[in-house]
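Participant: here is a sequence with its predicted model. Questions after.
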Amino acid sequence: MCLAIPGKIISIIERPDETFRLGKVSFGGIIKEVNLCMVPEAKIDDYVLVHVGVAISIVDEEEAKITFDYLKQMNEIEEIKNN
């Protein structure tokens, strides 16, 4: 199953070419580097849905928190740590 995980952008690494714009995203304290090319309007403190290392959309903070809580209940957080 394919799954997008919500996370909060905590920093953005600007690049000369927007295609390679990266951000550090926190998934409940687990920090991963994420490609932001599909969400050029994303900024620090925005919540994004991330699929296979790429932010695919910006989401509402409340929606992101509810989804992340469901993932915790299903014990899926370990999967994030390992990828």
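Facilitator: Alright, I've got the coordinates.
Participant: show me where this protein has its helices.
Facilitator: 61-73, 77-82 (DSSP state H).
Participant: hey, least reliable of those helices by pLDDT?
Facilitator: Mean pLDDT is lowest for helix 77-82 among those, at a mean of 66.
Participant: neighbours of the nearest residue to V54 once chain neighbours are set aside, how many?
Facilitator: Leaving aside its chain neighbours, V54 sits nearest to N35 (4.6 Å; criterion: CB to CB, 6 or more residues apart in numbering). (Glycine included, C-beta is placed from N, CA and C.) N35: 17 surrounding residues under other CB atoms under 10 Å.
Participant: quick one, what contacts N35?
Facilitator: The contact partners of N35, taken as CB atoms under 8 Å, 6 or more residues apart in numbering, are 20-22, 53-55.
Participant: just the buried residues of the residues you listed.
Facilitator: With neighbours counted by 16 or more other CB atoms under 10 Å, these contain buried members at 21-22, 55.
Participant: isn't E63 right up against A4?
Facilitator: No - between E63 and A4 there is no contact under CB atoms under 8 Å: 11.8 Å.
Participant: who has more neighbours, those two?
Facilitator: A4 (16 against 12).
Participant: check what pLDDT that one gets.
Facilitator: pLDDT at A4 comes out at 87.
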